[in-house]
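Participant: Pasting the sequence and the predicted coordinates here, then a few questions.
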Amino acid sequence: MRIVKLTKETTKNLLEELLQRSPNSYGEYESRVNEIIENVRAKRDEAVFDYTKRFDGAQICAENILVTKDEIQKAYEQVDPSLLKVIRVALVNIRSFHEKQRQQSWFASEENGILLGQKITPLKTAGVYVPGGKAVYPSSVLMNIVPAKVAGVDRIIMTTPPDQNGDVCPSTLVAAKEAGADEIYKVGGAQAIAAMAFGTQSIPQVDKIVGPGNIYVALAKKAVFGYVSIDSIAGPSEILVLADETANPVYAAADLLSQAEHDEMASAILITTSMELAQKVSKETDRFLEKLSRKQIIQKSLDRYGYILVAESMDEAIQAANEIASEHLEILTKDPFETMTKIRNAGAIFVGPYSSEPLGDYFAGPNHVLPTNGTARFFSALSVDDFIKKSSIISYSREALEPVYKDIVQFAQSEQLTAHANSIKVRFEDK
């Protein structure tokens, strides 16, 4: 991996380079995506079936688009029992974590007849998109369905592309069943996003769409936002390891490569105060690379978006980490919890040498659907909050309103909104 001295200029250049990976930078694909969306919106099932035949090679129709109970049962027979056991243990951890995020409605009343509050209501329908083909991630199935289930969403549907035979990956089906999906439909790509956003004869319209996907899926989610809610417009995966001279270079190198293997546009960055550690980590990445199965993908990722940045001080390193606002941030320092208190921007923070990033991907419980491309500055991980609405409750008695109604009238009149003022004033015209 390349080793670069950390300066304001190198940080600025790095940020510009990383932002080029954002789906917002892929304008040339937008016209194709918009065409698909408009076609599905107009022709509904007909368009969905046509695109599934064109892109996935599968003959899907109204009779077989919905995954049946028999297909799910067959999937259970095909999945390794040991994998099923791991899925179930992970599911317990994920559900337990998200149950702690539940919010309750609350109300506060006063003796003069004022009642204020906040009513929590789960979304009625949520749609979960799951990639197919080469990308098979049952862990993402769990991470997207569980918070919706915990939030109390009435109906959770899932869409995922079929193979040429019209089948869905068994581990995907098993994970969806275990997590609590109500229906699973065999459709992928931008056409699946459009179908969930606007509804077809076979696929219901949803209130929110969540889940990862390729550039077409990301741009489709961006295009339908406003008609429905979405979780985020996710970019390629990224990891930033923050380390000092006490860090184990073997651990740091292994963790950097764990994200670089996702795809050629993934980002892996080490920021350290130790040149010696930087050099050791670079050598270890080369050593690991020789024996990893996705060597070519990792190498391209490191060549384009892999960096080791050497800082003068830990404060400088932390400042750079906050500016980069990485999806995953690992802290390998002498006092990692003290360092953690200074981190402002990160999707998920992994503290200490035995908190490797894949622990969060699969098992610990916190959600692995995280903000990318610097959006950790203002976005959070997918959570139960994403599947609820908050309605304000306002109730005043006449006795509570009377002492303040003239203040409200004055405020409204100052904005020249006389109908607003009148709406309050008429209630006291007999005074």
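Facilitator: Yep, that arrived. Keep in mind it's a predicted model, so treat the numbers as computed, not measured. Numbers count the residues shown, from 1 in each chain.
Participant: Need the residue closest to the centroid of the chain.
Facilitator: In the chain, the C-alpha nearest the mean C-alpha coordinate belongs to V369, at 3.3 Å (Cα atoms, centre = their mean).
Participant: Next, it: secondary structure please.
Facilitator: When classified by DSSP: H, G, I helix; E, B strand; the rest coil, V369 comes out as coil.
Participant: Kindly report the same for Q205.
Facilitator: coil.
Participant: please renumber so the chain begins at 700
Facilitator: Sounds good: first residue 700 from here, last item Q904.
Participant: Count the neighbours of it for me.
Facilitator: Neighbourhood size, Q904 [other Cβ atoms under 10 Å]: 15. Every C-beta, even on glycine, is put in place using the N, C-alpha and C of the backbone.
Participant: roughly how far apart are it and P861?
Facilitator: Distance of Q904 to P861, given as Cβ to Cβ, to the nearest Å: 21 Å.
Participant: Tell me which stretches of the stretch 800-949 of the chain form strands.
Facilitator: Using DSSP state E, counting those that start in this stretch, the strands of the stretch 800-949 of the chain run over 805-808, 814-821, 824-828, 854-859, 882-885, 907-909, 928-929, 937-942.
Participant: With S1054 as the reference, name the closest of the ones you listed.
Facilitator: Evaluated with Cβ to Cβ, the strands of the stretch 800-949 of the chain place strand 937-942 nearest to S1054, the distance being 11.4 Å.
Participant: Any chance you could list what contacts that closest one?
Facilitator: Outside strand 937-942, the residues that touch it by Cβ atoms under 8 Å, 6 or more residues apart in numbering are 717, 946, 951, 954-955, 957-959, 965-973, 976, 1004, 1016-1017, 1020, 1023, 1025-1032, 1038, 1045, 1056, 1071-1072.
Participant: Can you give me the buried ones in that strand?
Facilitator: By 16 or more other Cβ atoms under 10 Å, the buried positions in strand 937-942 come out as 937-942.
Participant: what does stretch 837-852 give?
Facilitator: Buried, per 16+ other Cβ under 10 Å, within stretch 837-852: 837-850, 852.
Participant: Farthest-apart pair in the residues you listed, please.
Facilitator: Farthest-apart pair in the buried residues of stretch 837-852 is P837 and A850; separation 20.9 Å (Cβ to Cβ).
Participant: picking that back up, list the contacts for the residue nearest to the centre of the chain?
Facilitator: 839, 842-843, 909-911, 930-931, 933, 1080-1081.
Participant: Just the ones in helices from the residues you listed, please.
Facilitator: Residues of the contacts of V1068 located in helices (DSSP state H): 839, 842-843.
Participant: count of neighbours near E798?
Facilitator: 13.
Participant: Show me where the stretch 950-1099 of the chain has its strands.
Facilitator: Using DSSP E, counting those that start in this stretch, strands in the stretch 950-1099 of the chain cover 966-971, 1005-1009, 1027-1031, 1047-1050, 1087-1094.
Participant: I793: which of these is closest?
Facilitator: strand 1047-1050 (13.5 Å).
Participant: Which pLDDT value goes with K833?
Facilitator: You'll see K833 listed with a pLDDT of 64.
Participant: Please read the previous query as pertaining to E715.
Facilitator: Note for E715: predicted pLDDT of 80.
Participant: Check the secondary structure at it for me.
Facilitator: helix.
Participant: Could you check how far it is from I1007?
Facilitator: For E715, the distance to I1007 - Cβ to Cβ - is 19 Å.
Participant: circling back: dump the buried residues of strand 937-942 to JSON lines, plus pLDDT and distance to R731.
Facilitator: Formatted as JSON lines, these follow (pLDDT from 0 to 100; distance: Cβ to Cβ, whole Å):
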{"residue": "E937", "pLDDT": "93", "distance to R731": "26"}
{"residue": "I938", "pLDDT": "95", "distance to R731": "31"}
{"residue": "L939", "pLDDT": "96", "distance to R731": "33"}
{"residue": "V940", "pLDDT": "97", "distance to R731": "37"}
{"residue": "L941", "pLDDT": "98", "distance to R731": "39"}
{"residue": "A942", "pLDDT": "97", "distance to R731": "42"}
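Participant: so where do the helices sit in the stretch 900-1049 of the chain?
Facilitator: Assigned by DSSP state H, counting those that start in this stretch, the stretch 900-1049 of the chain shows helices spanning 914-923, 948-959, 974-988, 994-1004, 1013-1023, 1035-1039.
Participant: Out of those, which gets nearest to K799?
Facilitator: helix 1035-1039 (19.3 Å).
Participant: How about that closest one, which residues are buried there?
Facilitator: 1035, 1038-1039.
Participant: Could you dump the residues you listed into CSV and include pLDDT?
Facilitator: Formatted as CSV, the buried residues of helix 1035-1039 follow (pLDDT from 0 to 100):
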residue, pLDDT
P1035, 97
T1038, 97
M1039, 97
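Participant: Dump the C-alpha coordinates for stretch 997-1005 into PDB.
Facilitator: Extracted in PDB, the C-alpha atoms of stretch 997-1005 (Å, rounded to 0.1, in the frame of the first residue of the first chain):
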ATOM      1  CA  ILE A 997      -8.400  -6.300  -3.500                       C
ATOM      2  CA  GLN A 998      -5.400  -5.200  -5.500                       C
ATOM      3  CA  LYS A 999      -7.500  -2.900  -7.700                       C
ATOM      4  CA  SER A1000      -9.200  -1.500  -4.600                       C
ATOM      5  CA  LEU A1001      -5.900  -0.800  -2.900                       C
ATOM      6  CA  ASP A1002      -4.300   0.700  -6.100                       C
ATOM      7  CA  ARG A1003      -7.100   3.200  -6.500                       C
ATOM      8  CA  TYR A1004      -8.400   3.900  -3.000                       C
ATOM      9  CA  GLY A1005      -6.000   2.300  -0.500                       C
END
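Participant: I am finished for the moment; much appreciated.
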